[in-house]
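Asks: This is the structure alone, sequence omitted:
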């Protein structure tokens, strides 16, 4: 009866706008006292990356992935109307005008609301990402942990 | 026991084929007596746009977004094999041959089946879209309303 | 009480990485005794295609679609960092290094775990795909069957 509602979002996408949607829903759900988890996998891991380069020993392929993938939310592109990087600048300009929170702030807010920010360990391996490169508040888990959270329904989304 | 099933779809994408998938599922669920809501956010709002230009006072950035984003379903592109706009023409040709409903008709049907066509007010602001530019049957809400509909589970999809 | 949990995934995307995510979740859920169904629609049908050309009578438009769409998992591209086809090769190289299963093996495993691999008959028609071109273990159904599986909640994802 009084069971806590759950919102479990898989963030697969590395697009700024999709990540914004994920974090807006997550923050909203946390405000309504849901137990909220964002499970970052594949390109979604970029949202958890710190924005400075971290020195980690990597092979050339991992180094290349590390360089080509955006370091943190501010460097992510749009899923639509990206226009070689101009789109995100325009969107951020409009967001500022409307006092909408940029993605970085939405992630900070999620952290403050105790939303579980989980990084998928399997895809971290694939993309050559190291724990030291991700936000300190990140948790680490695999698909089994995701399923344990999500299997009872509630709001389950793949973004 | 006899509780009405719910289908809540977030339509984030502005692609013709993804919007088709959303509306086919929604219309199917309505036929099975689900309470169905499509929550249009970001590029998904384009599916609700009227196809003629509506004169609204906008700043230059909003005007630009307004011009570059497709006005209504018939101008949307494909997520795959778009080929600079030829893909949608080919798909529509095949759809006609197979008597499949084009997206515009699927949206009309959704309206007739009393599916809630909700426009996300926050992203309308961001993209500079005005209520007069969207279908008259559109409803207006934010993430809180979405969560209230979706939190009890059922079919929740992010498209 | 002891009702079997359900995982129902709509695989809409024809991207290698998104299909990997779908099959990893599906195989995980099957390992936890969920009843699992992957409903392949639109470009997701390509994951079920056999890799050799199958001779079927088609009109020119169907032939064109058939030729341009990837035949089976090994020919699918990435949603991100595809780099004109080099991206998938790099990812597969890294996967091999980390002993991660390639998509083809994940699909075989799904078959062995009795995951229902369903092909959406409506979009097969649209894309001109014939049953003989798809995996022999494929099942065939439409949106009504999907909804019957998904309506009781559990893990419902659109990928």
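Replies: Yep, that arrived. None of these values were measured; they are calculated from a predicted model.

Asks: quick one: is stretch A:15-30 near chain C?
Replies: No: shown here: stretch A:15-30 not in contact with chain C (Cβ under 8 Å from any Cβ of the partner chain), separated by at least 8.7 Å. Using the backbone N, CA and C atoms, a C-beta is placed for each residue, glycine as well.

Asks: Which helix in chain A has the most residues?
Replies: Ranked by number of residues, the top helix in chain A under DSSP state H is helix A:16-31.

Asks: so what secondary structure elements neighbour that one?
Replies: strand A:6-11, strand A:35-40, helix A:86-97, helix A:103-112, strand A:155-158, helix B:143-150 (3 or more Cβ pairs under 8 Å, 6 or more residues apart in numbering or on different chains; DSSP states H and E).

Asks: Out of those, flag the one nearest residue A:131.
Replies: Residue A:131 lies closest to strand A:35-40 among these, at 12.8 Å (Cβ to Cβ).

Asks: show me the contacts for residue A:85.
Replies: With contact set as Cβ atoms under 8 Å, 6 or more residues apart in numbering or on different chains, residue A:85 has these partners: residue A:77.

Asks: And it, how far from chain C?
Replies: As for residue A:85, its distance to chain C is 15 Å (criterion: Cβ to the nearest Cβ, to the nearest Å).

Asks: That residue and residue B:149: what is the separation?
Replies: As judged by Cβ to Cβ, to the nearest Å, residue A:85 and residue B:149 stand 36 Å apart.

Asks: Also residue A:49?
Replies: Look at residue A:49 and residue B:149: by Cβ to Cβ, they are 33 Å apart.

Asks: could the helices and strands packed on helix A:16-31 be laid out in CSV, adding mean neighbour count, distance to residue C:129 and mean pLDDT?
Replies: Formatted as CSV, the helices and strands packed on helix A:16-31 follow (neighbours: other Cβ atoms under 10 Å in any protein chain shown; distance: least, Cβ to Cβ, whole Å; pLDDT from 0 to 100):
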stretch, mean neighbour count, distance to residue C:129, mean pLDDT
strand A:6-11, 26, 28, 98
strand A:35-40, 24, 32, 98
helix A:86-97, 15, 35, 87
helix A:103-112, 17, 39, 97
strand A:155-158, 26, 24, 97
helix B:143-150, 19, 33, 96
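
Asks: got the contact list for residue A:91?
Replies: Contacts for residue A:91 (Cβ under 8 Å, 6+ apart) come out as A:16-17, A:78, B:126.

Asks: again, but for residue A:121
Replies: Applying Cβ under 8 Å, 6+ apart, the residues near residue A:121 are A:140-142.

Asks: Please pick the buried ones from these.
Replies: Neighbour counting by 16 or more other Cβ atoms under 10 Å in any protein chain shown classes A:141-142 among these as buried.

Asks: now the contacts of residue A:121 in TSV, with distance to residue A:110 and pLDDT?
Replies: As requested, the contacts of residue A:121 are arranged in TSV below (distance: Cβ to Cβ, whole Å; pLDDT from 0 to 100):
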residue	distance to residue A:110	pLDDT
A:140	17	98
A:141	17	97
A:142	21	96
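
Asks: With adjacent residues omitted, what lies nearest to the spatially most central residue of chain A?
Replies: Centroid-nearest residue in chain A: residue A:47, 4.1 Å away (criterion: Cα atoms, centre = their mean). In this structure, residue A:47 finds its nearest non-sequential neighbour in residue A:19, 4.9 Å apart by Cβ to Cβ, 6 or more residues apart in numbering or on different chains.

Asks: The one you found: what's it in contact with?
Replies: Contacts of residue A:19 by Cβ under 8 Å, 6+ apart are A:11, A:13, A:44, A:47, A:73, A:76, A:103, A:159.
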